[in-house]
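[1] can't give you the sequence, but here's the structure:
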Ligand SMILES: [Zn+2]
């Protein structure tokens with residue numbers, strides 16, 4: 001249970017060190033699940049044990065280790081969102097941040113000062129950009145502009161346990177090399193091109 005009136009539970013599930021999140025309003029006792037790809041019973045039981053009602057499921061991106069089985073089988077309608085759209089969860093508002101790069105539709109979720117970052121930003125690293133649909137130049141702008149614009153005290157909750165459970169944006173801006181490249185050109189030299197960008 002987080003401070004500041006937010007319920008946030010991090011569950012490390014499955015064989016690929018995925019973090020699944022329950023996030024919601026402890027007063028309204030409503031939450032959504034983020035990236036429910038593994039051990040659905042554990043997720044549902046955890047919400048129930050905490051007295052929280054699960055009202056929806058969100059995915060940071062559509063790779064199998066984040067989506068798992070079809071969400072349609074839960075009877076939950078799909079949702080098309082744009083950058084900065086919001087979703088009410090009890091008294092809280094969850095903001096969608098479009099952060100392409102790992103996949104074209106990758107997104108992060110911001111609730112007050114908590115960022116659930118999927119496979120865009122990890123502690124000390126970032127998501128792969130060598131997969132089909134990946135775009136290293138988009139990743140650069142997602143990391144340095146969109147996430148880089150968030151306040152330093154923003155708490156970071158990544159999509160995999162590759163460097164620990166949580167960090168802050170300030171910590172990552174100071175120490176994560178992938179947020180610290182001086183130019184797109186330098187980033188692309190490390191991340192392997194991408195083929196459609198002129199090096200600066
Ligand atoms: Zn992924």
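    Happy to help now that I have it. Since we're looking at a predicted model, the values are computed, not measured. Residues are numbered from 1 along each chain as shown.
[2] Which residues of the chain lie near the ion?
    Residues of the chain lying near the ion by C-beta under 5 Å from the ion: 63, 119. Using the backbone N, CA and C atoms, a C-beta is placed for each residue, glycine as well.
[3] how about 8 Å then?
    Within the chain, the residues that sit near the ion (C-beta under 8 Å from the ion) are 61, 63, 65-66, 102-103, 106, 118-119, 127-128, 131, 159.
[4] buried subset of these?
    61, 63, 65, 66, 102, 103, 106, 118, 119, 127, 159 (16 or more other C-beta atoms under 10 Å).
[5] mind listing which of those are in helices?
    Counting by DSSP state H, those place 65, 66 in helices.
[6] and the two most separated of the buried ones among the residues of the chain next to the ion?
    65 and 106 (13.4 Å; C-beta to C-beta).
[7] Strands of the chain, residue ranges please.
    For the chain, the strands defined by DSSP state E occupy 7-13, 18-25, 30-34, 53-58, 86-89, 92-98, 107-111, 114-116, 121-122, 125-126, 155-157, 167-168.
[8] Any idea what residue 95 is bridged to?
    With DSSP bridges as the criterion, residue 95 is bridged to residue 86, residue 110.
[9] Now do the same contact list for it.
    The contact partners of residue 95, by C-beta atoms under 8 Å, 6 or more residues apart in numbering, come to 84, 85, 86, 109, 110, 111.
[10] out of the residues you listed, who's nearest the ion?
    Lowest distance from the ion to the contacts of residue 95 (C-beta to the ion) belongs to residue 109, with 15.2 Å.
[11] count of neighbours near that closest one?
    Per other C-beta atoms under 10 Å, the neighbour tally for residue 109 reads 23.
[12] Check the spacing between the closest residue to residue 83 other than its chain neighbours and residue 9 real quick.
    Nearest-residue entry for residue 83: residue 98, 3.9 Å, with adjacent residues in sequence omitted and distances by C-beta to C-beta, 6 or more residues apart in numbering. Residue 98 is 25 Å from residue 9, where distance means C-beta to C-beta, to the nearest Å.
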